[in-house]
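K.L.:
Got a sequence here, can you model it:
(chains A and B)
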Amino acid sequence: MKTIDPFTEQIRGCIECIAENGAAGLSGLFDLTAHRLVRFAVTITRNQHDAEDAVQAALVRVVSNIRLVRAADSPWPYLLRMIRNESLVILRKKRRWPLVSSLTDLLTRRSVDEVEQEETHRAVWSALRSLPIEQSEVVVLKIWEEMTFAQIAEVLELPQATAASRYRYALSKLAGHLRSLEQEVRHG
Amino acid sequence: MAKRSSDDDSVMVPVELLIQAAGNYVVPSENLRPRTLEAARESAADRVGFYKLARLFLVLLLCSALSVPALDRLTAWHDKSVSPSVSEIQDQASRIATEKGVGPHWGLYEAFNRLRNHHAENLSPNR
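P.N.:
Numbers count the residues shown, from 1 in each chain, chains lettered A, B, ... in the order given. I've put the predicted structure just below:
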């Protein structure tokens, strides 16, 4: 029997709400997914402002094409694919390579107990930005979205083996970038 | 799919943990929520306006498609039912008088007789 995780159930509930109430029902889906969608879009656009534009455009499209979204077998991968498409459209429109090293565009959360970890987080985000987009998006989907390679392959529309090898390459590169920091973490 | 060796794991797992921990570091801006909801509302309103306009256009198209043949029939009926003018009757009377070699009064009588028959024919329910 196919099991459906609670997050997917919640998304389905939000989609039903939009189908019933139109644009007025979008707030539920926004509150549930905005953080994860922005995080994914930022890894593609390399700029938070553009990422938020992509999220906005995709969610507006969800409302106008609610029947398609409702009919999707897996709504979360479908949403991620929409975000990816919108992000790539924005990236193509800009026609300039985004700044890799700078993190000044990012809006970050700093709770008191995480202040000392901020440097680590910044290093991770900076290292992620140093990867090619096709590798960083696999990392984000694998680690932050906790997807299997089969699910990642579905979102990115590529073979499962390609997704897996991109992940391996990406992690090796990230390990190189973060090695020094990792040593500090281990011994600190 | 490539298998992981234990050496790989010793490097990858800490990196994965570091990335995992940084997942909530970036947050959406505060204005994204109202901006998105407003854009969705505007888009929905635009769509409703577009559908209304499209429906109005279809109704107009249907009306014109139905009214053209109706107008044609009405015009044809009007053309048939319109009576000739006095001068036309007089012309017809003098033509009949000349053709049949009768007086103008009989010509006029014959012209009116033909007109009455024509009207009776138009009004006949069997037509």
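
K.L.:
So which residue is dead centre in chain B?
P.N.:
residue B:61 (1.3 Å; Cα atoms, centre = their mean).

K.L.:
Tell me which helix or strand that one sits in.
P.N.:
Element membership for residue B:61, per DSSP states H and E: helix B:32-81.

K.L.:
ok, now residue A:44?
P.N.:
Judged by DSSP H and E, residue A:44 forms part of helix A:26-45.

K.L.:
Does that helix reach chain B?
P.N.:
Yes. Under the criterion of Cβ under 8 Å from any Cβ of the partner chain, chain B is reached by helix A:26-45 at A:26, A:27, A:30, A:31, A:34, A:35, A:38, A:39, A:42. For every residue, glycine as well, the C-beta is placed using N, CA and C.

K.L.:
one step back: ok, the residue nearest to the centre of chain B to chain A distance?
P.N.:
With distances taken as Cβ to the nearest Cβ, to the nearest Å, residue B:61 is found 25 Å from chain A.

K.L.:
try residue B:68
P.N.:
Taken as Cβ to the nearest Cβ, the span from residue B:68 to chain A is 37 Å.

K.L.:
how far off helix A:26-45 does the helix holding residue B:61 point, in degrees?
P.N.:
Relative orientation of helix B:32-81 versus helix A:26-45 (axes from the mean of the first three to the mean of the last three Cα atoms, to 10 degrees): 110 degrees.

K.L.:
rewinding a little: identify each buried residue in the helix holding residue A:44, please.
P.N.:
Under the neighbour-count criterion of 16 or more other Cβ atoms under 10 Å in any protein chain shown, helix A:26-45 has A:26-30, A:33-45 buried.

K.L.:
Show me which residues of chain B sit near chain A.
P.N.:
Checking chain B against chain A by Cβ under 8 Å from any Cβ, the hits are B:1-2, B:11-12, B:14-16, B:18-29, B:32-33, B:35-37, B:39-41, B:43-44, B:47.

K.L.:
Give me the buried subset of these.
P.N.:
So, by 16+ other Cβ under 10 Å, the buried ones in those are B:11-12, B:14-16, B:18-19, B:21-28, B:32-33, B:36-37, B:39-41, B:43-44.

K.L.:
Tell me the helices and strands packed up against the longest helix along chain A.
P.N.:
The helix spanning the most residues in chain A, taking DSSP state H as the definition, is helix A:160-187. Applying 3 or more Cβ pairs under 8 Å, 6 or more residues apart in numbering or on different chains; DSSP states H and E, we find helix A:160-187 packed against helix A:118-129, helix A:133-139, helix A:149-156, helix B:6-21.

K.L.:
a markdown table please, covering those and showing distance to residue B:113.
P.N.:
Below are those laid out as a markdown table (distance: least, Cβ to Cβ, whole Å):
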| stretch | distance to residue B:113 |
| --- | --- |
| helix A:118-129 | 103 |
| helix A:133-139 | 96 |
| helix A:149-156 | 91 |
| helix B:6-21 | 107 |
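
K.L.:
deepest of these, which one?
P.N.:
Mean neighbours per residue, mean count of other Cβ atoms under 10 Å in any protein chain shown, is largest over those for helix A:133-139, with a mean of 22.

K.L.:
now for that one, which elements pack on it?
P.N.:
When contacts are defined as 3+ Cβ pairs under 8 Å, 6+ apart, helix A:133-139 packs onto helix A:26-45, helix A:118-129, helix A:149-156, helix A:160-187.

K.L.:
quick one on the thing from earlier: can you name the two of the residues of helix A:26-45 next to chain B that are farthest apart?
P.N.:
Farthest pair in the residues of helix A:26-45 next to chain B (Cβ to Cβ) is A:27 and A:42. Separation: 21.9 Å.

K.L.:
So what does residue B:124 have for phi and psi?
P.N.:
phi -60, psi 130 (degrees, to the nearest 10).

K.L.:
Neighbours of it, how many?
P.N.:
Residues lying near residue B:124 (other Cβ atoms under 10 Å in any protein chain shown) number 8.

K.L.:
what about it, distance to residue A:147?
P.N.:
Using Cβ to Cβ, to the nearest Å, residue B:124 is found at 83 Å from residue A:147.

K.L.:
Residue B:75 now?
P.N.:
Separation of residue B:75 from residue A:147 (Cβ to Cβ): 71 Å.

K.L.:
contacting residues around residue A:86?
P.N.:
Going by Cβ atoms under 8 Å, 6 or more residues apart in numbering or on different chains, residue A:86 touches A:41, A:53, A:54, A:55, A:57, A:58, A:61.

K.L.:
Recalculate using a threshold of 6 Å.
P.N.:
A:54, A:57, A:58 (Cβ atoms under 6 Å, 6 or more residues apart in numbering or on different chains).

K.L.:
Leaving out sequence neighbours, find the closest residue to it.
P.N.:
Once flanking residues are discounted, residue A:86 sits nearest to residue A:54: 4.0 Å by Cβ to Cβ, 6 or more residues apart in numbering or on different chains.

K.L.:
Thank you kindly, that will do.
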